[in-house]
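**Student:** Predicted model, plus sequence, below.
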Amino acid sequence: MRSIAILAACAALTVGVAPMIAQAQTATTTTSSSTTVSPEVKTMWEKMKGSWQQTKGTVKEQWGKLTDDDLMQVEGRRDVLVGKIQTRYGISHEQAEAQVSGWEVKRKNM
């Protein structure tokens, strides 16, 4: 009986830790190959952080595969958005960066 309880505890721990490990790996991947962002883009993202509730809608329109949980985790952080797009769409970091850059240009021109 005790071995079953230990096994159940290990399984519960594994289920809880696995997503955290995957998220940490994604964060490491995105930060290790980050790109240089212009000061103008940084300013734009600072404004988006402040109005993230409104910005989430336009992000969801552009990248419909992103979940509400994904958008909550992004919280207006560009690097996290790139990582989430990369993961959800199964594309390279460079492709995700290009998509976000294109979206930034469209937003800037609005």
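**Tutor:** Received it, and whenever you're ready, just let me know what you need.
**Student:** what's the burial count for the closest residue to T58 other than its chain neighbours?
**Tutor:** Leaving aside its chain neighbours, T58 sits nearest to R107 (7.4 Å; criterion: CB to CB, 6 or more residues apart in numbering). Bear in mind the C-beta positions are built from the backbone N, C-alpha and C, glycine included. For R107, the tally of surrounding residues (other CB atoms under 10 Å) stands at 14.
**Student:** what do you get for E104?
**Tutor:** E104 has 18 nearby residues by other CB under 10 Å.
**Student:** Which strand or helix spans it?
**Tutor:** helix 93-108 (DSSP states H and E).
**Student:** Output that helix as PDB, nothing but the C-alphas.
**Tutor:** Taking C-alpha atoms only, helix 93-108 is exported to PDB below (Å, rounded to 0.1, in the frame of the first residue of the first chain):
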ATOM      1  CA  HIS A  93      12.500  31.000 -34.000                       C
ATOM      2  CA  GLU A  94      13.400  33.100 -37.000                       C
ATOM      3  CA  GLN A  95      10.000  32.500 -38.700                       C
ATOM      4  CA  ALA A  96       8.200  33.500 -35.500                       C
ATOM      5  CA  GLU A  97      10.400  36.600 -35.200                       C
ATOM      6  CA  ALA A  98       9.600  37.600 -38.800                       C
ATOM      7  CA  GLN A  99       5.900  37.200 -38.100                       C
ATOM      8  CA  VAL A 100       6.000  39.400 -35.000                       C
ATOM      9  CA  SER A 101       8.100  42.000 -36.800                       C
ATOM     10  CA  GLY A 102       5.600  42.100 -39.600                       C
ATOM     11  CA  TRP A 103       2.800  42.500 -37.100                       C
ATOM     12  CA  GLU A 104       4.700  45.300 -35.400                       C
ATOM     13  CA  VAL A 105       5.000  47.200 -38.700                       C
ATOM     14  CA  LYS A 106       1.300  46.900 -39.300                       C
ATOM     15  CA  ARG A 107       0.500  48.100 -35.800                       C
ATOM     16  CA  LYS A 108       2.900  51.000 -36.100                       C
END
